[in-house]
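[1] below is the sequence, then the predicted model.
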Amino acid sequence: MWKFLGAGLLTLLLATAASAADLTVTIGGVKNSNGSVAAALFNSEADFRKTPFSAFRIKASGGPVSFTIHNLPPGKYAMTAYHDENDNGKLDTDLVGAPSEGYGVSNDAREAAAPPQFSKAAFDAGDQNKSITIKIAY
């Protein structure tokens, strides 16, 4: 019995790994090399902007920065990114709560006077490698 269970589990793991793909993210529009660029990947509307599926931080370079998420399972995702110029680990806001540091959202789903929505920022990741670009706006 254990032999069959082990073979089934191995098959499931191999099938999952085989269907996963890489997601390459390019974040453009970073205006200077101060601080870092932070990005968060979300895999559900309920968790959007609260609990990321995965998070990243890269030294700012004053130009595009790129990174790759390997073996991303197929699904619907949305990504946010911001330029943490003062490197304090958070997106700074002004007195009314509007971001005071540059930020961007997948599908360029920034809202003029409201937080971005998962439904507008969402993209599908499948079993083929994919690339997306997020533009930071200040």
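    Structure received.

[2] burial count for Ile136?
    When neighbours are counted by other C-beta atoms under 10 Å, Ile136 registers 20. For glycine as for every other residue, the C-beta is placed from the backbone atoms N, C-alpha and C.

[3] hang on, isn't it packed against Gly35?
    No: with contacts counted by C-beta atoms under 8 Å, Ile136 stays clear of Gly35, the gap being 12.0 Å.

[4] overlap in contacts of those two?
    In terms of C-beta atoms under 8 Å, 6 or more residues apart in numbering, Ile136 and Gly35 are both contacted by the residues His83.

[5] phi, psi of Ser106?
    Its backbone dihedrals place Ser106 at phi -60, psi 150, with angles given as degrees, to the nearest 10.

[6] test my guess that it contacts Ile132.
    Yes: Ser106 is in contact with Ile132 according to C-beta under 8 Å; the separation is 5.8 Å.

[7] sticking with the closest residue to Ala81 other than its chain neighbours, tell me its helix or strand.
    Residue nearest to Ala81 in three dimensions, not counting chain neighbours: Ala39, with 4.0 Å by C-beta to C-beta, 6 or more residues apart in numbering. In the assignment (DSSP states H and E), Ala39 maps to strand 36-42.

[8] partners of that strand in the sheet?
    Each strand pairing with strand 36-42, determined using DSSP bridges, is listed with its direction: strand 54-59 (antiparallel), strand 75-84 (antiparallel).

[9] contacts for it?
    For strand 36-42, contacts defined as C-beta under 8 Å, 6+ apart pick out 23, 25, 27, 30, 48-49, 51-60, 65, 67, 69, 77-84, 87, 89, 91, 118, 134, 136.

[10] please save the CA atoms from stretch 58-72 in PDB.
    In PDB, the C-alpha atoms belonging to stretch 58-72 read as follows (Å, rounded to 0.1, in the frame of the first residue of the first chain):
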ATOM      1  CA  ILE A  58      15.500  44.900  -4.900                       C
ATOM      2  CA  LYS A  59      18.000  47.700  -4.700                       C
ATOM      3  CA  ALA A  60      16.700  50.700  -6.800                       C
ATOM      4  CA  SER A  61      18.800  51.500  -9.800                       C
ATOM      5  CA  GLY A  62      17.300  54.600 -11.300                       C
ATOM      6  CA  GLY A  63      16.000  52.600 -14.200                       C
ATOM      7  CA  PRO A  64      14.200  49.300 -14.800                       C
ATOM      8  CA  VAL A  65      14.700  46.500 -12.400                       C
ATOM      9  CA  SER A  66      13.800  42.900 -13.100                       C
ATOM     10  CA  PHE A  67      13.400  39.700 -11.300                       C
ATOM     11  CA  THR A  68      12.000  36.200 -12.000                       C
ATOM     12  CA  ILE A  69       9.600  34.100  -9.900                       C
ATOM     13  CA  HIS A  70      10.400  30.500 -10.700                       C
ATOM     14  CA  ASN A  71       7.900  27.600 -10.600                       C
ATOM     15  CA  LEU A  72       4.800  29.800 -10.200                       C
END
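
[11] fine by me, thanks again.
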